[in-house]
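>>> Okay, sequence plus prediction incoming.
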Amino acid sequence: MAIRDILLLGNPRLYERSIECKSADDVERIARDLQDTLLDFREKHGFGRAIAAPQVGERKRMIFMFINEPVVFINPVLRPVGEPDMTVWDDCMSFPGLLVRVKRYSVCKIAYYDLKWQKHHALFRDDLSELIQHEYDHLDGILVVQRAVDNRSFALESQRKWLKSKNF
């Protein structure tokens, strides 16, 4: 078990673009570390469905998602479908407690390799589409705070009830 420290907002390494994984890279170890870190974070904070390798200091194009089962995305290529048509309050393990309002695509396609280097394609809709776009941004050194709709698009998690009641 290798629980890694999650890089926090302000750490310059979060803004670096990740490099493609090669078959000789230690992707299985990185995937285990991502899983252990995600599950530990989820237990402590009550949220967390996916994590990108850059969030634990690995400049590799890898995402680990755990919804109903664990899925590792190696060298993913994301293609949005349509126009950004969904506005959501997004959170991030790199700044727990902060919500950011962003526009996302409600549908996107992704091509990726698994741990056996088999190629896959997937289509994501709605909240899973938003989630994979968020993690994919991490691979390019983009944080959700950079995608804020406007300068009023930030809130503390503790204020979520007001966001819903005011239709922000």
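Yes, it's here.
>>> Going by contacts, tell me the helices and strands next to the host helix or strand of Lys103.
Lys103 is part of strand 98-104, with elements assigned from DSSP states H and E. Judged by 3 or more CB pairs under 8 Å, 6 or more residues apart in numbering; DSSP states H and E, strand 98-104 is in contact with strand 86-90, helix 126-139, strand 154-156. No exception for glycine: its C-beta is placed from N, CA and C like everyone else's.
>>> thought Gly97 was touching Ala155?
No. Contact criterion CB atoms under 8 Å: Gly97 and Ala155 do not qualify, at 9.9 Å.
>>> on that earlier part again, any idea which of the helices and strands packed on strand 98-104 is most buried?
Neighbour counts (mean count of other CB atoms under 10 Å) averaged over each of the helices and strands packed on strand 98-104 peak at helix 126-139, with a mean of 21.
>>> Show residues contacting that one.
By CB atoms under 8 Å, 6 or more residues apart in numbering, the residues outside helix 126-139 that reach it are 14, 17-18, 49-55, 61-63, 65, 67, 73, 76, 78, 80, 86, 88, 90, 92, 104-108, 110, 124, 143-144, 147.
>>> so what strands line up beside the helix or strand harbouring Phe64?
Here Phe64, judged by DSSP H and E, is contained in strand 62-66. Using DSSP bridges, the strands paired with strand 62-66 in its sheet are strand 50-52 (antiparallel), strand 70-80 (antiparallel).
>>> Now find how far off-centre the first one is within its chain.
Think strand 50-52. Strand 50-52 sits 5 Å away from the centroid of its parent chain (CA atoms, centre = their mean, to the nearest Å).
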